[in-house]
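A.B. asks: here is a sequence together with a model predicted from it:
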Amino acid sequence: MMYRIMLVDDEENILKALRRVLANTPCIYDGVEYPVKVEMFTSADEALDYAHFNAVDLVLSDYRMPGKDGVAFLREFKEIQPHAARLILSGYADLNAVIGAINEAQIYRFLNKPWNDYELVSSIAQALAYRNLTLENLHLADQARLEQGAISPQELERKRLEEQEPGITKVNWGPDGSVILDISE
């Protein structure tokens, strides 16, 4: 399985350096390798647009970006894809930022700039392992709810589809009852 990672930073050279590290250093945790495919964005809003229609396993965001800081971005991202692991990268050791990131965006880890390559890939692998365990627990809980009749097979399938393809189960209705296919309208 290839894990899709989203990198968000307003500095393109940082994105390229992160991609290079991830291309050259395997993400391994507890003897398991987590191969990654990287998507890069210099704008938080572009990253959010992408997240509406593309499943992401992990997002690593800069803290200080123009327009929308990392905590605000990750908070919005969490609404779209609640099960993706979230990490913040920052060159500023602002305790309030760390607390805000943990409390508001429920990030998995706060990493410093400049980063240590080993710590970076290790943190990503750990976050992916934790995400997998969390998803497995959610699926087992859903299976138990299905057996108890608390949810329907259709609801279980809807959740599965939404996890794989965000937005696939949402219908955009027009005022006349028609289906609007272009979300930009």
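C.D. replies: Everything's here; your move.
A.B. asks: which residues in this structure form helices?
C.D. replies: 12-24, 44-51, 70-80, 95-104, 117-148, 153-164 (DSSP state H).
A.B. asks: just say which of these is most tucked in.
C.D. replies: Of all the helices of the chain, helix 70-80 has the most neighbours on average by mean count of other C-beta atoms under 10 Å, namely a mean of 20. Glycine gets a C-beta too; all of them are placed from N, C-alpha and C.
A.B. asks: tell me the average confidence for it?
C.D. replies: In this model, helix 70-80 carries a mean pLDDT of 92.
A.B. asks: quick check: residue 7 touching residue 19?
C.D. replies: Yes: taking C-beta atoms under 8 Å as the definition, residue 7 is a contact partner of residue 19 at 6.8 Å.
A.B. asks: least trustworthy helix or strand in this protein by mean pLDDT?
C.D. replies: Lowest mean confidence among the helices and strands of the chain (mean pLDDT, DSSP states H and E): helix 95-104, at a mean of 70.
A.B. asks: now do the shared contacts for residue 7 and residue 19.
C.D. replies: 38, 40 (C-beta atoms under 8 Å, 6 or more residues apart in numbering).
A.B. asks: what sits up against stretch 70-80?
C.D. replies: 8, 44, 47-48, 51-52, 59, 61-65, 68, 84, 86, 88-90, 97, 100-101, 104-107, 166.
A.B. asks: also stretch 3-20?
C.D. replies: Contacts of stretch 3-20 (C-beta under 8 Å, 6+ apart): 22, 27, 34-44, 47, 50-51, 54-62, 65-66, 70, 73, 89, 113, 120, 124, 128.
A.B. asks: put the buried members of these into a PyMOL selection.
C.D. replies: In PyMOL syntax, the buried subset of the contacts of stretch 3-20 is picked out as below (16 or more other C-beta atoms under 10 Å):
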select buried, resi 22+27+34+36+38+39+40+41+42+43+44+47+50+51+55+56+57+58+59+60+61+62+65+70+73+89+120+124+128
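A.B. asks: tell me the residue furthest from the middle of the protein?
C.D. replies: residue 176 (35.3 Å; C-alpha atoms, centre = their mean).
A.B. asks: got phi/psi on the residue lying closest to residue 162 once chain neighbours are set aside?
C.D. replies: Distances taken as C-beta to C-beta, 6 or more residues apart in numbering place residue 169 nearest to residue 162, at 5.2 Å, with adjacent residues excluded. The phi/psi pair for residue 169 (degrees, to the nearest 10) reads phi -100, psi 0.
A.B. asks: show me the contacts for residue 169.
C.D. replies: Counting by C-beta under 8 Å, 6+ apart, residue 169 has contacts 158, 161-162.
A.B. asks: many thanks, I have nothing further to ask.
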